[in-house]
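Asker: any chance you could fold what I've pasted below:
(chains A and B)
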Number of protein chains: 2
Amino acid sequence: MHTDAPVTLAILALHELSIFQSTAADAQFAPSMRDTIELSRIGGYALNNFETLVARIEQRGGDVVTLLEQFAQSFHAFNQRTQPTDWHESLMKSYVHDGLVRDYVHALEPEFDPQTHDVITAVLDDTRRETVLRERLGGLVAADDTLGWRLALWGRKLVVETAARLAELRQLTRGEHATQLDATAWQAALLGHSRRMSAIGLVA
Amino acid sequence: MHTDAPVTLAILALHELSIFQSTAADAQFAPSMRDTIELSRIGGYALNNFETLVARIEQRGGDVVTLLEQFAQSFHAFNQRTQPTDWHESLMKSYVHDGLVRDYVHALEPEFDPQTHDVITAVLDDTRRETVLRERLGGLVAADDTLGWRLALWGRKLVVETAARLAELRQLTRGEHATQLDATAWQAALLGHSRRMSAIGLVA
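Answerer: Below is the predicted model of the structure:
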């Protein structure tokens, strides 16, 4: 996955674009105006992150559309396999999948030129949506045991599907010999996931 | 509709928030990566407009959530009555409804304090999404007669439903005596609509 800078920038850009779209969709179905506004703003942060990554790709002379298209099919397939059935599952999907992807990319610690490194670090260090989702999901789980149990199961499915997707990305970017996840980076992501589940009152 | 500044600011803010959500949803189902990115950016512009309006409401001491909640039900009902059945209808909905609402509010020429006036004018003068939608829809209609015919019919339904919604807003904001549209402002909106339909090769 860390073969070269444009690839990592493109994968993250597509990730942020997808978060933008899913949180905006969630905003539409939010139970209150306050949630609608909050989720819309999270979508806006993701779009800003996307633009920062795109600007860096273009500075390096990469073609954004072509780079993103490479990974669109794998992303689309992942989304097909993990369609939330309601608003709670949709929030949980953002929380779990996003956390794993960010921890994984962080742990790979790719060696890029300083400017690319700074752009990627700034995007990965943006915890605004994690904070909002943690508070919202924590409140929902605390108020409803049955929902908590359902979201815990859903979270486990999301972990499995995220692992499959990251392995697929690795294969796409590094060729046929790398169909596995980077074990160390995935371990770090799972540790982060455990911590995130605890933070909302669930066991990973 | 122009009873006071916070109300107009709130109606426009909710409108921009809704455009943000619908274009982000459209972006998800766009047929190409280029469309996905373009529609996402349009969503971003709408969110920025929303924030500009919200900032002005707050400067004036208004409570954003309460103000927006007043109009949420009417908006939701309109969206229920005008659910697009596909991507093309969804683009057309943004194009037609958005154009009418903006022309209508523009034509009311409410007398506000200069700062509010500037904020509202800046939002209404932002034609970036109209430009993108016009080019995209124009291309689609030129390439497919059957689609053009279907979108023309759909456009007429959207005009009727937008009129109903604006009348409802007027009633909500001005009380029981005002169940009608402002005739002059609506006439101006219809003129704009005619021009927008011609621009994409359709008759209003």
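
Asker: so where is chain A shaky, pLDDT-wise?
Answerer: Flagging of chain A using pLDDT under 70 yields the residue ranges A:1-3, A:110, A:175-179.

Asker: tell me the residues of it that contact chain B?
Answerer: When proximity is defined by CB under 8 Å from any CB of the partner chain, chain A lies next to chain B at A:17, A:20-22, A:24-25, A:27-28, A:33-34, A:36-37, A:40-41, A:43-44, A:47-48, A:50-51, A:64-65, A:68-69, A:72. Where C-beta positions appear, they are placed from N, C-alpha and C, glycine not excepted.

Asker: how about 6 Å then?
Answerer: A:20-21, A:24-25, A:27-28, A:33-34, A:40, A:44, A:47, A:65, A:68-69, A:72 (CB under 6 Å from any CB of the partner chain).

Asker: and the residue of chain A nearest chain B?
Answerer: A:A24 (3.2 Å; CB to the nearest CB).

Asker: what count of nearby residues applies to the nearest residue to that residue once chain neighbours are set aside?
Answerer: Nearest residue to A:A24 in three dimensions, chain neighbours excluded: B:A24, at 3.2 Å (CB to CB, 6 or more residues apart in numbering or on different chains). Neighbour count of B:A24, defined by other CB atoms under 10 Å in any protein chain shown: 29.

Asker: check contacts around B:A24.
Answerer: Applying CB atoms under 6 Å, 6 or more residues apart in numbering or on different chains, we find B:A24 in contact with A:21, A:24, B:43.

Asker: how about 8 Å then?
Answerer: A:20-21, A:24-25, A:43, B:39-40, B:43 (CB atoms under 8 Å, 6 or more residues apart in numbering or on different chains).

Asker: then A:P6?
Answerer: A:57, A:60, A:62, A:67.

Asker: assign A:G139 to helix, strand or coil.
Answerer: helix (DSSP: H, G, I helix; E, B strand; the rest coil).

Asker: revised request: answer the last question for A:A204.
Answerer: coil.

Asker: now for the longest helix along chain A, which elements pack on it?
Answerer: Within chain A, and with DSSP state H defining each element, the longest helix by residue count is helix A:145-174. Counting contacts by 3 or more CB pairs under 8 Å, 6 or more residues apart in numbering or on different chains; DSSP states H and E, helix A:145-174 packs against helix A:5-28, helix A:64-81, helix A:87-108, helix A:128-143, helix A:183-199.

Asker: kindly export the third one (C-alpha atoms) in PDB.
Answerer: Put plainly, it is helix A:87-108. C-alpha atoms of helix A:87-108 as PDB (Å, rounded to 0.1, in the frame of the first residue of the first chain):
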ATOM      1  CA  TRP A  87     -29.100   5.100  10.600                       C
ATOM      2  CA  HIS A  88     -27.300   3.600  13.600                       C
ATOM      3  CA  GLU A  89     -25.600   1.000  11.500                       C
ATOM      4  CA  SER A  90     -24.500   3.800   9.100                       C
ATOM      5  CA  LEU A  91     -22.900   5.800  11.900                       C
ATOM      6  CA  MET A  92     -21.300   2.600  13.200                       C
ATOM      7  CA  LYS A  93     -19.900   1.900   9.700                       C
ATOM      8  CA  SER A  94     -18.200   5.300   9.500                       C
ATOM      9  CA  TYR A  95     -16.800   4.900  13.000                       C
ATOM     10  CA  VAL A  96     -15.400   1.400  12.700                       C
ATOM     11  CA  HIS A  97     -14.200   1.400   9.100                       C
ATOM     12  CA  ASP A  98     -12.800   4.900   9.200                       C
ATOM     13  CA  GLY A  99     -10.900   4.200  12.400                       C
ATOM     14  CA  LEU A 100      -9.400   1.000  11.000                       C
ATOM     15  CA  VAL A 101      -8.300   2.500   7.700                       C
ATOM     16  CA  ARG A 102      -6.700   5.500   9.400                       C
ATOM     17  CA  ASP A 103      -4.800   3.500  12.000                       C
ATOM     18  CA  TYR A 104      -3.700   1.100   9.300                       C
ATOM     19  CA  VAL A 105      -2.300   3.800   7.000                       C
ATOM     20  CA  HIS A 106      -0.800   5.500  10.000                       C
ATOM     21  CA  ALA A 107       1.000   2.400  11.100                       C
ATOM     22  CA  LEU A 108       2.500   1.700   7.700                       C
END
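
Asker: run a quick neighbour tally on the nearest residue to A:E89 once chain neighbours are set aside.
Answerer: Leaving out its chain neighbours, the residue that sits closest to A:E89 by CB to CB, 6+ apart is A:W154, at 5.4 Å. Here the count is done by other CB under 10 Å, and A:W154 has 17 residues near it.

Asker: list the contacts for A:W154?
Answerer: A:84, A:89, A:92-93.

Asker: look up how far A:K93 lies from it.
Answerer: For A:W154, the distance to A:K93 (CB to CB, to the nearest Å) stands at 8 Å.

Asker: need the overlap of contacts for those two.
Answerer: A:P84.

Asker: emit the ChimeraX select command for whichever of the contacts of B:A24 are buried.
Answerer: To isolate the buried members of the contacts of B:A24 in ChimeraX, using 16 or more other CB atoms under 10 Å in any protein chain shown:
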select /A:20,21,24,25,43 /B:39,40,43
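
Asker: looking at the contacts of B:A24, which is nearest A:A107?
Answerer: Nearest to A:A107 among the contacts of B:A24, counting by CB to CB, is A:F20 at 24.0 Å.

Asker: you'd agree that closest one is up against B:I42?
Answerer: No - checked against CB atoms under 8 Å, the pair A:F20 and B:I42 is beyond contact range at 12.0 Å.

Asker: is it true that A:A107 touches A:A189?
Answerer: Yes - contact criterion CB under 8 Å: A:A107 and A:A189 qualify, at 6.6 Å.

Asker: for those two, indicate the residue with more neighbours.
Answerer: A:A189 (25 against 16).

Asker: end to end, how far does stretch A:102-113 reach?
Answerer: 19 Å (CA to CA, to the nearest Å).

Asker: which parts of that stretch are buried?
Answerer: A:102-108, A:110, A:112.

Asker: for stretch A:76-83, same thing?
Answerer: Neighbour-count burial for stretch A:76-83 [16+ other CB under 10 Å]: A:78-79, A:82.

Asker: now stretch A:136-147
Answerer: Within stretch A:136-147, judged by 16+ other CB under 10 Å, the buried ones are A:136-137, A:140-141, A:147.

Asker: same check, this time on stretch A:185-204
Answerer: Neighbour count says stretch A:185-204 has A:185-186, A:188-190, A:192-193, A:196-197, A:200-202, A:204 buried, by 16+ other CB under 10 Å.
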